[in-house]
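Peer 1: Can you look at this prediction? I've put the sequence above it.
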Amino acid sequence: MELIGPLTDPQMHGGDPVDAFHLVLPSMPGYGFSGPTREKGWSMRRVAQAWAELMRRLGYERYFAHGGDWGAGISRDLGIIDAGHVGGVHMTMLTTPPPKDAAEIAALSEPDKARLARLAVFQRDGIGYAMEQGTRPQTLAYGLTDSPAGQLAWIVEKFWEWTDHDQSPDDAVDRDLMLTNVTIYWLTQTGGSSARLYYETAHSPRGWGAGPEPSTTPAGIAVFPKEIAPPVRSIAEKTNNIVQWSEFDRGGHFAAMEEPDLLLGDLRAFFRRFR
């Protein structure tokens, strides 16, 4: 929410008017104001295909994409399936699986090995929510739709675990903004349909275990230290055309909510390359 004004009207927010953008900000199918999905098949790739069609119908011959979490994966997919129209993709999350070659892992720097270790810890201890949503989303949906406290706990636990805070997630993200986020899930009854994206992606042809599909679209990666598992650049560069790589000293998974000024600067720096 804090990025919309500076991106669309930078002059009103102390910026350079040449940095102004048109913004298209859709809710993913099954989430928020897009409402519950009514049919099967809404995988990450299908959402990207929907965004490509949306931009075509809106008349954009050339456009760019940005996202974090699912939005990062969808934006990256968009750069693959609509490369003729997508000029670049900016992401705040990029998972880099460890190489299969032990010698390649041994050659990594100690900070990069630590990043892979964090990914391993997440895959061991922190992925229960994704396994539940990826295998039994409908069972979970009854609790999320029946109990506002359950919906609140399901989401705020992630704000606690994935933000850069001292003791409480509202050290990092404004409490009213967090509660608004949860309330949108509650009022639109999308707790269950949002979980289905995990199921659809897990059961898509590529699934969870497939390595990243190579992309030639120019990419900008913004790395925040409390991200779930910060990426390793040397691994990322094997399957991505990285033209900008930025590392920050604060911020976590919800970068747009936690550190909007840092993200704003990085977005502007990335997209200036293509003006």
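Peer 2: Structure received. The structure displayed is predicted, hence computed values, not measured ones.

Peer 1: residues near Pro99, how many?
Peer 2: Number of residues near Pro99 (other Cβ atoms under 10 Å) recorded here: 17. Glycine gets a C-beta too; all of them are placed from N, C-alpha and C.

Peer 1: so what's it scoring on pLDDT?
Peer 2: Listed pLDDT for Pro99 reads 91.

Peer 1: out of everything not next to it in sequence, what's closest to it?
Peer 2: Nearest residue to Pro99, sequence neighbours excluded (Cβ to Cβ, 6 or more residues apart in numbering): Ile105, at 5.7 Å.

Peer 1: What residues does the one you found make contact with?
Peer 2: Pro98, Pro99, Lys113, Leu116 (Cβ atoms under 8 Å, 6 or more residues apart in numbering).

Peer 1: same thing but 10 Å
Peer 2: By Cβ atoms under 10 Å, 6 or more residues apart in numbering, Ile105 lies in contact with Pro98, Pro99, Asp112, Lys113, Leu116, Val232, Ile235.

Peer 1: Secondary structure of the fourth one: a helix, I assume?
Peer 2: Yes: the assignment for Lys113 by DSSP: H, G, I helix; E, B strand; the rest coil puts it in a helix.

Peer 1: Mind telling me what element the residue nearest to Pro99 is part of?
Peer 2: Using DSSP states H and E, Ile105 sits in helix 102-106.

Peer 1: could I get that helix in CSV with only the CA atoms?
Peer 2: Taking C-alpha atoms only, helix 102-106 is exported to CSV below (Å, rounded to 0.1, in the frame of the first residue of the first chain):
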residue,chain,number,x,y,z
ALA,A,102,29.0,-32.0,-3.5
ALA,A,103,32.2,-30.4,-4.9
GLU,A,104,30.2,-27.5,-6.1
ILE,A,105,28.7,-27.0,-2.6
ALA,A,106,32.1,-27.3,-1.0
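
Peer 1: Only the buried residues of that helix, if you could.
Peer 2: Buried residues in helix 102-106, counting neighbours by 16 or more other Cβ atoms under 10 Å, are absent.

Peer 1: Quick check: most distant residue from the centroid of the chain.
Peer 2: Ala103 (30.8 Å; Cα atoms, centre = their mean).

Peer 1: So Arg46 sits against Pro205, correct?
Peer 2: No: at 11.8 Å, Arg46 and Pro205 do not qualify as touching, with contact defined as Cβ atoms under 10 Å.

Peer 1: and these two? which has more neighbours close in?
Peer 2: Set side by side, Arg46 and Pro205 show more neighbours around Arg46, with 17 against 7, by other Cβ under 10 Å.

Peer 1: What distance do you get for that one to Glu237?
Peer 2: Distance of Arg46 to Glu237, given as Cβ to Cβ, to the nearest Å: 28 Å.

Peer 1: Asp19 versus Arg118, what's the distance?
Peer 2: 34 Å.

Peer 1: Just want to know which of these two has more residues nearby.
Peer 2: Remark: of Arg118 and Asp19, Asp19 carries more neighbours, 18 against 15, as counted by other Cβ under 10 Å.

Peer 1: Mind pulling the model confidence for that one?
Peer 2: 94.

Peer 1: sorry, back to before: could you single out the nearest of the contacts of Ile105 to Thr92?
Peer 2: In terms of Cβ to Cβ, no member of the contacts of Ile105 lies closer to Thr92 than Val232, at 15.7 Å.

Peer 1: show me the contacts for that closest one.
Peer 2: Applying Cβ under 10 Å, 6+ apart, one finds that Val232 lies in contact with 94-99, 105, 108-109, 111-116, 119, 223.

Peer 1: Filter those residues down to the buried ones.
Peer 2: Leu94, Thr95, Thr96, Pro98, Pro99, Leu108, Asp112, Arg115, Leu116, Leu119, Val223.

Peer 1: Just the buried residues of stretch 120-137, please?
Peer 2: For stretch 120-137, the neighbour count (16+ other Cβ under 10 Å) marks Phe122, Gly126, Tyr129, Ala130, Glu132, Gln133, Gly134, Pro137 as buried.

Peer 1: Perfect, I'm done here.
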